[in-house]
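[1] have a look at this prediction, sequence included:
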Amino acid sequence: MQTTTLGKNGTPVTALGIGTWAWGDTLFWNYGKVYGETQVEEAFNAAIAAGITFFDTAEVYGLGTSETLLGQFMQNNPEKSVNIATKYGPAPWRLFGNSVTDAVTASLKRLQVPSVTLYQVHWPFAFLMSQETLLNALADEVQQGRIKAIGVSNYSAAQMRESYEILKKRDIPLAVNQVQYSLLHRKIESNSILKTARELGVTILAYSPLAQGLLTGKYTSKRKIKPDGARKIDSRFSDRGLTKIKPLTDLVQELSDRYDKTPSQVSLNWLISQGDIIPIPGAKNAGQAIDNAGALGWSLSPEDIAKLSEVSHPWL
């Protein structure tokens, strides 16, 4: 199984993880209507069986349901070693460092674990709590052993650098920045986030690496399949939106046929080929988890990587 590290010399994890935003989320993903606990547990088990042992969650996913489900699934598979990444959500009422301590305690309780591999700040708006207070509270948690590494999410290049410098004073590296990154969203290459991350030795966790399904081959202007949940009103899934991305999705399908891989696997493999990138696609069922895992263990040719980069250039 391919592995990479969280940060330059951090904890090794599988080179692809599973994002669990959809596990328990009823607002965006329709959890409980078109799929439920049985299906996401099957996704967890299928990922583990395929060798994927890195899962990303957050306290706000399903208002804690995602963490609770992960905790239950790990208890049902105690013989498997799993790396969990979760997130703290800065909110206006969280004013002091003890708010961080309380949040970590609550997440660990839901996950039923004494520590997590990675704990991230979900967004850069700390409100009345300064970044110094927030990150130093997390540094205290590293020293106490409840979290092994610190990450941020949705931070700009400048915000990431500021966080890096704050943690450096505590001799703790900034391990990751979790940001949106896919063939259809390459802005981290043009806004200096990727460049700065590489300079600082920060690993990128790529969320929405399949553009919420647009890169899976499922949605095309010919097939007329509509997504469920909040994606129904996303203009990218309209006939016009699908026609706009057709040159890219046609190329992905062409490479899928040539390599005997799925469009998802081709799209994820391109991300992995960029180096120090860990895609964390979602999986609502076993089939999706198995499909995701199939992005590992092979490589697109340099020529095909370059071709995908060229055709996806409009989304830089």
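    Yep, that arrived.
[2] please pull out the lowest mean pLDDT helix or strand from the chain.
    None of the helices or strands of the chain scores lower by mean pLDDT, DSSP states H and E than helix 239-244, at a mean of 82.
[3] that one: how far from the chain's middle?
    Distance, stretch centre to chain centre, for helix 239-244: 26 Å (CA atoms, centre = their mean, to the nearest Å).
[4] go on, stretch 126-135?
    Stretch 126-135 sits 23 Å away from the centroid of its parent chain (CA atoms, centre = their mean).
[5] let me see the ranges of the helices in the stretch 101-250 of the chain.
    Ranges of helices within the stretch 101-250 of the chain are 131-144, 157-168, 187-190, 193-200, 239-244, 246-259, based on DSSP state H, counting those that start in this stretch.
[6] for those helices, give me CSV that also has distance to Ile277.
    (Each C-beta comes from the backbone N, C-alpha and C, glycine too.) Output for the helices of the stretch 101-250 of the chain, formatted as CSV (distance: least, CB to CB, whole Å):
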stretch, distance to Ile277
helix 131-144, 23
helix 157-168, 15
helix 187-190, 10
helix 193-200, 9
helix 239-244, 25
helix 246-259, 17
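[7] pick out the shakiest of the ones you listed, pLDDT-wise.
    Out of the helices of the stretch 101-250 of the chain, helix 239-244 stands lowest, with a mean of 82 (criterion: mean pLDDT).
[8] can you mark which positions in it are buried?
    For helix 239-244, a neighbour-count test (16 or more other CB atoms under 10 Å) marks Leu242, Lys244 as buried.
[9] do stretch 190-199 as well
    Neighbour-count burial for stretch 190-199 flags Ile193, Leu194, Thr196, Ala197 (criterion: 16+ other CB under 10 Å).
[10] roughly how far does the third one sit from Pro90?
    Summarising the geometry, the distance separating Thr196 from Pro90, computed by CB to CB, to the nearest Å, is 21 Å.
[11] the last one too?
    With distances defined as CB to CB, the gap from Ala197 to Pro90 amounts to 21 Å.
[12] what stretches of the stretch 151-300 of the chain score poorly on pLDDT?
    For the stretch 151-300 of the chain, the stretches flagged by pLDDT under 70 are 228-233.
[13] Ile272 and Pro281 touch, don't they?
    No: the criterion here is CB atoms under 8 Å, and Ile272 misses it with Pro281 at 11.5 Å.
[14] who touches both of those two?
    Common contact partners of Ile272 and Pro281 (CB atoms under 8 Å, 6 or more residues apart in numbering): Leu16.
[15] so those two - more neighbours on which side?
    Ranked by neighbour count (other CB atoms under 10 Å), Ile272 and Pro281 place Pro281 first, with 28 against 21.
[16] now do the contacts for the closest residue to Ala206 other than its chain neighbours.
    The shortest distance from Ala206 to any non-neighbouring residue, by CB to CB, 6 or more residues apart in numbering, is to Tyr181 (3.8 Å). By CB under 8 Å, 6+ apart, the residues touching Tyr181 are Ile188, Ile204, Ala206, Tyr207, Ser208, Pro209, Leu271, Ile277, Pro279.
[17] and the strands in this structure?
    3-5, 12-14, 18-19, 54-56, 83-88, 118-121, 150-153, 174-180, 203-207, 277-279 (DSSP state E).
[18] among those, which is nearest Ser267?
    Distance to Ser267, taken as CB to CB, is lowest for strand 277-279 among these, at 8.6 Å.
[19] by contact count, what packs against the closest one?
    Other helices and strands packing on strand 277-279, by 3 or more CB pairs under 8 Å, 6 or more residues apart in numbering; DSSP states H and E, are strand 203-207, helix 263-273.
[20] reformat the ones you listed as TSV; add distance to Ser130.
    TSV is the format used below for these (distance: least, CB to CB, whole Å):
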stretch	distance to Ser130
strand 203-207	24
helix 263-273	34
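[21] so which of these gets nearest Lys224?
    Using CB to CB as the measure, helix 263-273 is the one of the helices and strands packed on strand 277-279 that comes nearest Lys224, at 17.5 Å.
[22] what does the closest one contact?
    Applying CB under 8 Å, 6+ apart, the contact partners of helix 263-273 are 2, 15-16, 181-183, 206, 209-210, 215-217, 249, 252-253, 255-256, 259, 261, 277, 279, 281, 291-292, 294-296, 298-300, 305, 308-309.
[23] show me just the buried residues among those residues.
    With neighbours counted by 16+ other CB under 10 Å, these contain buried members at 15-16, 181-183, 206, 209-210, 215-217, 249, 252-253, 255-256, 259, 261, 277, 279, 281, 291-292, 294-296, 300, 305, 308-309.
[24] ok, Gly7 - how many residues close by?
    Residues within reach of Gly7, counting by other CB under 10 Å, total 20.
[25] state the distance from Glu199 to Lys109.
    For Glu199 relative to Lys109 (CB to CB), the value is 37 Å.
[26] perfect, that will be all.
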